[in-house]
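Enquirer: Curious how this folds, go ahead:
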Amino acid sequence: MEQSLLAESWNPSYAALGFDPDDTDPLFLMPAVNELVSTDASGWLENWLRRLAREQIAHHIALIGPRLQRAPGKVFVMDQRTKWGNCSALGNLSFNWRLVMAPDDVLRYIVTHELVHLAIPDHSTRFWLTVRSHCPGSERARQWLAANGHRLTVDLAERLAGENATDTP
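Expert: Numbers count the residues shown, from 1 in each chain. Now for the predicted structure:
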């Protein structure tokens, strides 16, 4: 079943969550009991999106890393406020979990960008040519992030509070 985040299509992995997409109520996802007890709905959604981001980032690293003949030391999925990704001097990569809500070519671009930093630590002409050679849509992805990055937010509690406020007379 195809869902939409920010008007972009994506296919969530319902099977991995133990959810039957042919069920009569496809919008009802039941988290594990311990997740219900320990977090609110907004927290559960963020955790699920973080896991999905980690899976998709790992997928792109597995595809792109061998072509660059580079592999990261460690990969972190974090909650950065000012960066989409980072490559440390130790060869560790970190990514903003909110990228999972962006189109897949944007996520692929950020992963490619950080993987190229493993070989070329600056933003030289050589760096950008390497990024473009492994990710032809990189300029379009950069433009999308500049125009839409601020929209990659999830605050279910705020949205529910807003809906409840409009329900009252």
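Enquirer: average model confidence for the lengthiest helix in the chain?
Expert: Using DSSP state H to assign secondary structure, the helix with the most residues in the chain is helix 41-68. Taken as a whole, helix 41-68 has an average pLDDT of 92.
Enquirer: ok, residues contacting the helix or strand just after it?
Expert: Once helix 41-68 ends, the next helix or strand along the chain (criterion: DSSP states H and E) is strand 75-78. Outside strand 75-78, the residues that touch it by Cβ atoms under 8 Å, 6 or more residues apart in numbering are 50, 53-54, 57-58, 61, 92-97. Placement of C-beta: from N, CA and C, glycine included.
Enquirer: Narrow those residues to those that are buried.
Expert: Among the contacts of strand 75-78, those classed as buried by 16 or more other Cβ atoms under 10 Å are 50, 53-54, 57, 61, 93-97.
Enquirer: now, the most widely separated pair of the contacts of strand 75-78?
Expert: In those, the most distant members under the criterion Cβ to Cβ are 50 and 92, with 17.4 Å between them.
Enquirer: and which of the buried ones among the contacts of strand 75-78 is nearest residue 125?
Expert: residue 93 (22.5 Å).
Enquirer: The closest one: what's it in contact with?
Expert: Residue 93 makes contact with 61, 72, 74-76, 85-87, 114-115, 118, according to Cβ under 8 Å, 6+ apart.
Enquirer: tell me, how many neighbours does the residue lying closest to it once chain neighbours are set aside end up with?
Expert: In this structure, residue 93 finds its nearest non-sequential neighbour in residue 72, 4.3 Å apart by Cβ to Cβ, 6 or more residues apart in numbering. Residue crowding around residue 72 was assessed by other Cβ atoms under 10 Å; the count is 20.
Enquirer: ok, now how distant is residue 72 from residue 136?
Expert: Applying Cβ to Cβ, to the nearest Å, one obtains 22 Å for the distance of residue 72 from residue 136.
Enquirer: Over to residue 85?
Expert: The gap separating residue 85 from residue 136 is 19 Å, by Cβ to Cβ.
Enquirer: Provide a list of residue ranges in this structure with pLDDT below threshold.
Expert: For the chain, applying pLDDT under 70 flags the ranges 1-39, 154-169.
Enquirer: All the helices of it, residue numbers only.
Expert: Counting by DSSP H, the chain forms helices over residues 33-38, 41-68, 104-119, 125-134, 138-148, 156-167, given from the N-terminal end onward.
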